[in-house]
Each structure stands twice: as C-alpha cells, then as structure tokens.
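[1] please find the sequence and the predicted model below.
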Amino acid sequence: MTSSSEPRGMLAGLRIVEICAIGPGPFCAMHLADLGADVIAIERPNSAASPSGYVLNRGKRSVVVDLKTAQGRELVLSLVEHADALIEGMRPGVMERLGLGPEPCHQRNPRLVYGRMTGWGQTGPMVNAAGHDNNYIALSGALYYAGTASEPPSSPFTMVGDVGGGALYLAVGILAGVLNARATGQGTVVDAAVVDGSAHMLQLLLSTRAKGYIDPERGRSMHDGSHFYATYRCADGRFITIGAIEPQFYAELLSRLGLGDDPNYQSQWRREDWPCRQREMAALFATRTRDAWCALLEGSDVCFAPVLSPDEAARHPHIRARHVYFERDGRLEPAPAPRFDGRVATPGCVPRQDQHGDAIRQALHEGGAERVWRVP
C-alpha cells in the first residue's frame with residue numbers, strides 16, 4: 001500500500017480516518033498529514049472536489065464512499081478498527097443518522113479518538129443553526145476589536161475562526177486524546193467548536209487589560225486606536241504596519257521618522273492624543289511609497305512590515321529564505337509548519353478523487369483493515 005521512500009514526519013504511525021466536509025475539518029486533517037500522519041479521506045460521490053484533487057487533501061489518500069449504503073458504512077467502520085482517530089465536520093446528528101456516530105465506532109475500536117468539528121458545538125440552543133466563520137467569531141467576542149471605531153469589524157477570511165479557533169484546536173484535541181488513549185486504552189469524543197476556540201484565543205488579548213492596552217470600548221485600545229500600532233496607506237495605495245509598543249521601539253520609530261524631538265509625541269500612552277497623532281502619521285506615511293518605507297524601516301527595531309499579498313509574500317527575501325511557500329501544478333501552497341530540527345517538511349501530493357479507492361478496497365477484501373494502514 002505504500003512505498004518506503006515516502007517522506008515521514010513526527011506523526012508517522014498516527015492513523016486518521018477523515019469524513020470529508022468543508023473548511024476546518026479538512027484543514028485539520030491536512031495539517032496532521034503534513035506532520036506525517038496517515039490520513040485516509042472519505043469523500044462523497046459527486047463532491048465538489050476538482051478532477052486534479054482538492055488542495056486540502058494534500059498528503060492524504062482518497063477513497064470515494066457512499067455513506068448512505070451498508071457497504072459504505074462497513075468500509076468506514078473497518079478502517080476505524082485500526083485507526084487512532086476519526087475526524088468529521090457534519091452538523092450535529094448527521095453521523096448518528098448514518099450509523100457512524102461515536103457509539104458504533106467505539107464498539108469497533110474503544111481506543112478511537114472521535115474528533116467532531118463544528119461552528120457552534122455539539123450542545124447549546126444554536127446547535128442546529130447554519131453559520132460560517134464570521135458568525136462564530138462574532139458571537140464569541142473575537143471579532144469585536146477587529147478594526148477601528150469608525151469601521152465595521154473585519155477579519156481575514158477563515159483565519160481567526162475556521163483555522164485558528166477550529167482546525168488547530170481540533171488538532172490539539174486529537175493529539176491529546178491519542179496520548180490519553182495510548183496510556184489508558186480508552187478513546188474519547190473531542191467536541192471542537194469554532195465558537196469555543198476563538199473565545200479561548202482571546203485570553204492573550206484579555207490578559208493585557210491590566211496593562212492598559214485594552215479598553216472595553218472599540219477604538220480606544222492600543223491596536224485599534226493608537227498611532228504606534230496601526231496599518232497605514234502609502235503614496236502608491238499599498239499598506240504598511242507599525243507595532244512599536246515598547247518604549248525603546250517607539251523611540252526608534254520616532255527617531256527614524258524625524259519626530260524624536262517633537263513634544264507632541266513624547267506621551268505615548270495619552271489616549272486623548274491618539275486620534276490626532278494617528279491622523280498626522282497617516283499623512284506622513286502617505287507621502288512615500290510602500291517600497292520607500294521598507295527601505296527606511298524594514299529590519300529595524302521599529303516593529304515594521306509591509307502588507308503583502310500571498311504572491312508578494314512568496315517573493316520576499318525572508319519568506320524565500322525560510323521556504324515558507326512553494327509552487328506546484330501552477331498554484332501557490334504554504335509549506336508545512338512548524339519545523340522540527342530546522343527542517344522544512346516535504347508535503348505529500350494532492351490526490352485525485354478516489355485515487356486510492358481500488359487499492360484500499362482490495363486490501364480490505366484480502367486481509368482486513370490492518371493491511372490498509374501504513375507501517376511507520
């Protein structure tokens with residue numbers, strides 16, 4: 001079923017069955033595959049995956065299964081028998097109606113970690129409501145501070161909710177569950193909800209309240225109202241970011257901007273001055289292009305970076321030196337993260353839909369589920 005020449009990662013030997021859905025579930029499974037896990041993606045017939053394969057399926061094996069049939073259900077349960085974890089991203093109750101909920105899976109494999117990825121969670125009054133990334137982070141409080149007081153809150157699409165509050169929390173939950181199962185022989189059900197994870201991520205922000213960085217009112221906190229932690233438009237319509245919070249970094253910023261002796265800028269934390277100082281800095285940064293500001297500020301202790309598109313980022317010297325992105329089949333992909341011992345992991349290929357279906361079914365027919373899984 002596999003070649004000994006295939007790359008192995010830190011999670012080699014971890015066996016994952018993924019019931020493919022959309023968004024954070026597939027991302028979580030891809031992340032685990034990037035780190036070496038053996039992931040079998042159960043795709044539905046006539047799904048939206050392209051003929052060349054779904055990019056979030058990289059490093060996985062693909063098999064198309066009709067979960068509404070007895071044969072499809074039995075195939076999944078056979079794989080579960082020797083799996084460490086299952087990932088599903090259906091609405092609550094769907095897997096139970098298919099006969100593939102936690103109970104029948106644990107009957108086949110008591111050590112299984114059953115990972116459930118939803119927006120609202122498995123319990124609560126909104127459990128059956130539809131939603132997307134922006135809805136979940138809005139309700140959790142994570143969207144509140146995203147933007148200035150004069151603008152509607154806005155956040156990068158999928159980053160805070162689906163990926164940060166969802167997929168990565170599910171990955172941690174699965175790994176924690178697997179460790180516990182190996183120690184106790186007992187599996188578990190992981191309820192990973194975007195609304196939970198995005199709220200948990202606020203702990204770092206909320207911890208700064210005591211330092212005076214965060215105000216309950218939008219537009220009065222360091223990150224959404226100050227002149228020294230902000231995004232500015234340049235003369236060419238592009239943007240830069242400044243994050244000079246600490247006094248030594250703020251002093252460096254003033255020095256490089258020729259404002260070191262300006263008395264108006266000496267009281268960094270006087271909130272009543274922030275609107276005026278921000279307007280002045282906005283006017284200043286609008287006098288030069290983004291590249292000109294990069295030439296003056298990048299690499300210094302000003303805490304500076306240009307706002308780049310993913311394509312621009314892939315060409316930046318620092319990003320290129322760390323091999324953060326690579327191109328494959330005409331598309332840009334980020335490399336696996338994090339790194340171990342300084343090495344950038346080589347991600348697996350993106351399979352065609354059902355590319356491994358015949359081989360998996362044949363192995364199940366000939367020798368049972370154990371023959372399907374890769375040997376670390």
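    Structure's in. What do you need?

[2] thinking Arg339 is in contact with Val324, fair?
    No - applying CB atoms under 8 Å as the test, Arg339 and Val324 come out as separate, 10.4 Å apart. Using the backbone N, CA and C atoms, a C-beta is placed for each residue, glycine as well.

[3] more crowded one of these two?
    Val324 (15 against 12; other CB atoms under 10 Å).

[4] for that one, give its distance to Ile137.
    25 Å (CB to CB, to the nearest Å).

[5] now Gly9
    30 Å.

[6] which of those two has more neighbours?
    Per other CB under 10 Å, whichever of Gly9 and Ile137 has more neighbours is Ile137, with 30 against 21.

[7] list of residues touching the helix or strand in which the more buried one is found?
    Take DSSP states H and E as the rule and Ile137 turns out to sit in helix 133-140. For helix 133-140, the external contacting residues (CB atoms under 8 Å, 6 or more residues apart in numbering) are 23, 119-120, 126, 143, 153, 155, 157-158, 160-162, 165-166, 193-196, 198-199, 202.

[8] and if we set it to 7 Å?
    Helix 133-140 is contacted from outside by 119, 143, 155, 157-158, 160-162, 165, 194-195, 198-199, using CB atoms under 7 Å, 6 or more residues apart in numbering.

[9] is Tyr232 in contact with Leu284, as I believe?
    No - the criterion here is CB atoms under 7 Å, and Tyr232 misses it with Leu284 at 8.4 Å.

[10] more neighbours: which of those two?
    Applying other CB under 10 Å to Tyr232 and Leu284 shows that Tyr232 carries more neighbours, namely 20 against 14.

[11] and the more buried one, what's its pLDDT?
    pLDDT, Tyr232: 97.

[12] ok, now Gly23?
    Per the predicted model, pLDDT is 87 at Gly23.

[13] give the contact list for it.
    By CB under 7 Å, 6+ apart, Gly23 lies in contact with 89, 162.

[14] roughly how far apart are it and Met30?
    From Gly23 across to Met30, the span is 12 Å (CB to CB).

[15] same check, this time on Tyr250
    40 Å.

[16] who's more crowded, these two?
    Met30 (27 against 21).

[17] give me the pLDDT for the nearest residue to the more buried one once chain neighbours are set aside.
    Nearest residue to Met30, sequence neighbours excluded (CB to CB, 6 or more residues apart in numbering): Leu56, at 4.9 Å. pLDDT for Leu56: 94.

[18] returning to what we had before: could you dump the contacts of helix 133-140 to JSON lines with distance to Phe304?
    Formatted as JSON lines, the contacts of helix 133-140 follow (distance: CB to CB, whole Å):
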{"residue": "Gly119", "distance to Phe304": "36"}
{"residue": "Leu143", "distance to Phe304": "26"}
{"residue": "Ser155", "distance to Phe304": "22"}
{"residue": "Phe157", "distance to Phe304": "25"}
{"residue": "Thr158", "distance to Phe304": "26"}
{"residue": "Val160", "distance to Phe304": "23"}
{"residue": "Gly161", "distance to Phe304": "28"}
{"residue": "Asp162", "distance to Phe304": "29"}
{"residue": "Gly165", "distance to Phe304": "28"}
{"residue": "Val194", "distance to Phe304": "32"}
{"residue": "Val195", "distance to Phe304": "34"}
{"residue": "Ser198", "distance to Phe304": "28"}
{"residue": "Ala199", "distance to Phe304": "31"}
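
[19] can you pick the most crowded of the residues you listed?
    Val194 (33 neighbours).

[20] quick check, central residue of the protein?
    In the chain, the centroid-proximal residue (CA atoms, centre = their mean) is Val163; its distance is 2.8 Å.

[21] show me what contacts it?
    Contacts here follow CB under 7 Å, 6+ apart; on that basis Val163 touches 24, 27.

[22] equivalent analysis for the one 3 residues further on, please.
    For Gly166, the residues meeting the contact criterion (CB under 7 Å, 6+ apart) are 24, 117, 192, 194, 197.

[23] what of Ala282?
    Residues near Ala282 by CB under 7 Å, 6+ apart: Tyr232.

[24] which helix or which strand is home to it?
    Per DSSP H and E, the secondary structure element for Ala282 is helix 274-285.

[25] so how far is that helix off the chain centroid?
    Put simply, helix 274-285 sits 33 Å off its chain's centre (CA atoms, centre = their mean, to the nearest Å).

[26] check which residues of it are buried.
    Within helix 274-285, the residues scored as buried using 16 or more other CB atoms under 10 Å are 274, 277-278, 281, 285.

[27] okay, that helix in CSV with CA atoms only?
    Extracted in CSV, the C-alpha atoms of helix 274-285 (Å, rounded to 0.1, in the frame of the first residue of the first chain):
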residue,chain,number,x,y,z
TRP,A,274,-4.1,59.3,19.8
PRO,A,275,-6.6,60.4,17.2
CYS,A,276,-4.6,63.5,16.3
ARG,A,277,-1.3,61.6,16.3
GLN,A,278,-2.8,58.9,14.1
ARG,A,279,-4.0,61.4,11.6
GLU,A,280,-0.6,63.0,11.5
MET,A,281,1.2,59.7,11.0
ALA,A,282,-1.3,58.7,8.3
ALA,A,283,-0.5,61.9,6.4
LEU,A,284,3.2,61.3,6.9
PHE,A,285,3.1,57.7,5.6
